[in-house]
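Peer 1: give me a model of this one.
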Amino acid sequence: MDVFPIILVIHLLLAVALVGVILLQRSEGGALGIGGGGGGLMSGRAAGNLLTKTTGILAASFFATSLILAIIANNRTGGGSPFDKVKATAPISAPADTPAAPAEPAAPLAR
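Peer 2: Residues are numbered from 1 along each chain as shown. Below is the predicted model:
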């Protein structure tokens, strides 16, 4: 069974959740945050701590799935650099009818 699509779906869900949690956090002056209202089930400090911890956990999970996906993709392609796969060719030699040294410059013409 191939685990690549499963990890990819988890990665995408983590990305969406991370964006959502970041947008729920209270803005500190930029007025970009959606959350931060006075009411609710938790106080502002408790909600801030919970959202901060959730953001950290989601970010670490996103980073881990990114690394796993990169390793799987590298193993699928055979690894290495694309430059390693290019075969070296012999250098192109100059044609036999060309002179070995350039011609000397002509003397300047008088005006």
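Peer 1: and Ile7, how many neighbours?
Peer 2: Using other CB atoms under 10 Å, Ile7 has 16 other residues around it. Quick note: C-beta positions are derived from backbone N, CA and C, even for glycine.
Peer 1: how about the strand or helix carrying it: buried residues?
Peer 2: Using DSSP states H and E, Ile7 maps to helix 4-24. Within helix 4-24, the residues scored as buried using 16 or more other CB atoms under 10 Å are 7, 10-11, 14, 17-18, 21-22, 24.
Peer 1: need the per-residue pLDDT for the nearest residue to Ile22 once chain neighbours are set aside.
Peer 2: Excluding its sequence neighbours, the residue lying closest to Ile22 (CB to CB, 6 or more residues apart in numbering) is Thr55, at 6.3 Å. pLDDT for Thr55: 94.
Peer 1: distance of Thr55 relative to Leu14?
Peer 2: From Thr55 over to Leu14 the distance is 11 Å, taken as CB to CB, to the nearest Å.
Peer 1: just name the closest of the buried residues of helix 4-24 to Ala110, please.
Peer 2: His11 (77.9 Å; CB to CB).
Peer 1: tell me the helices in this structure, going along the chain?
Peer 2: For the chain, the helices defined by DSSP state H occupy 4-24, 44-77.
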